[in-house]
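A.B. asks: this one's structure only:
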């Protein structure tokens, strides 16, 4: 007698398929959640790690620097985007790039030589005291004729430094040459930083005055990573911090060590600032010259030589810089409010960049991931020229 073969009923098949689909769906759901959790943790770790790394870099790079009052003063001369007049509150009106797009030349080029039609480092000889009620020459933009100045044009800080020696003949008609023994330092200075709590860029100098560091926030990339034709806040902009290091040279007013064409070579005064190629900051401007230093070049523009401090994983959504005092204490000795050791505070808020992380951490809102760090620096020694 033949034994009948067993078979599944329709109900059993439906139950089996249903159980299989439930188990399969559960596995897929768990896997998806695990992947999302993985990328969520990675995004959080990336933000924290890169933020800590950059702050650590900043600590290592900047611990031996002080505020570069010269560059802050020079920025008043060239303005930022949106300013209507030289020195007009220096309100840091920047464009979407979030840094000053006008080039200060870092003290290398500040006056036009009519003889050679080229920009040189030329000192303006101006009086620091125009009246008893005005102890220093007021910032009015370009140096104007009739102000006691020999040359017209925009001043740099090094030139403005010359004004703060009171020439007796300009005050009480006592005859005497510029810089002789009857000159007197009035020990009062105008502010170089007009908004100490709203600084957009950080300019620093070593205590010996031979190295300079400039740090700014810059827009590197942007896009519609949500594919909705809308910008969804900071996450769709890739903002990074950029750094530039400069090294001093006593190369003369043409910055080339050419004694036959340039004056001021090896006179003990810093007249040339070039990108520090010894620390891998490469620029494309004029070479300093001299076979020993031929690899050192002046920055060609405001962007030349900049190096990014952050990876593309995160964007610097916010940053705040605070610096004090607003003028060099070593020059403003008669100003009690300025007699404080310079310090600055760096505060950074970082977020994941949407191009890299948007698809990975869905359905979590990308803008909920952020990390804020703050570090302060206090410096006792202050460089004086």
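C.D. replies: That came through, no problem. In this text, all values refer to a predicted model and were calculated from it rather than measured experimentally. Numbering: from 1, shown residues only.

A.B. asks: For residue 278, see how far away the residue nearest to residue 258 when sequence neighbours are not counted is.
C.D. replies: Spatial nearest neighbour of residue 258, excluding adjacent residues (CB to CB, 6 or more residues apart in numbering): residue 289 at 6.2 Å. To be clear about C-beta, it is placed using only N, CA and C from the backbone, and glycine gets the same treatment. Distance, residue 289 to residue 278, using CB to CB, to the nearest Å: 17 Å.

A.B. asks: Name the nearest residue to residue 58, sequence neighbours excluded.
C.D. replies: That would be residue 346: by CB to CB, 6+ apart, it lies 6.2 Å from residue 58.

A.B. asks: burial count for the one you found?
C.D. replies: The tally of other residues near residue 346 (other CB atoms under 10 Å) stands at 23.

A.B. asks: go on, residue 65?
C.D. replies: 21.

A.B. asks: My guess is it contacts residue 203. True?
C.D. replies: No: the pair residue 65 / residue 203 is not scored as a contact, 9.6 Å apart, by CB atoms under 8 Å.

A.B. asks: okay, and the common contacts of the two?
C.D. replies: In terms of CB atoms under 8 Å, 6 or more residues apart in numbering, residue 65 and residue 203 are both contacted by the residues residue 213.

A.B. asks: With neighbour numbers in mind, choose between residue 289 and residue 278.
C.D. replies: Counted by other CB under 10 Å, residue 289 and residue 278 do not tie: residue 289 has more neighbours, with 21 against 10.

A.B. asks: any idea of the mean pLDDT for the longest helix seen in the chain?
C.D. replies: Longest helix in the chain by number of residues (criterion: DSSP state H): helix 10-62. The average pLDDT within helix 10-62 is 79.

A.B. asks: Same question for stretch 313-325.
C.D. replies: For stretch 313-325, the mean pLDDT works out to 85.

A.B. asks: So, low pLDDT: which residues of the stretch 201-350 of the chain?
C.D. replies: 228-232 (pLDDT under 70).

A.B. asks: residues of stretch 325-342 that come out buried?
C.D. replies: Neighbour counts over stretch 325-342 (16 or more other CB atoms under 10 Å) mark 325-332, 338, 342 as buried.

A.B. asks: farthest-separated two in the residues you listed?
C.D. replies: Spatially, the most separated pair among the buried residues of stretch 325-342 is 326 and 330, at 13.9 Å (CB to CB).

A.B. asks: and the nearest residue to residue 286 once chain neighbours are set aside, what is it in contact with?
C.D. replies: Ranked by CB to CB, 6+ apart and with sequence neighbours excluded, the top spatial neighbour of residue 286 is residue 298, at 4.9 Å. Residues in contact with residue 298, defined by CB under 8 Å, 6+ apart, are 108, 255, 272-275, 283, 285-288.

A.B. asks: repeat for residue 318
C.D. replies: Residues in contact with residue 318 (CB under 8 Å, 6+ apart) are 234, 347-349.

A.B. asks: end-to-end on stretch 272-292?
C.D. replies: End-to-end span of stretch 272-292 (CA to CA, to the nearest Å): 15 Å.
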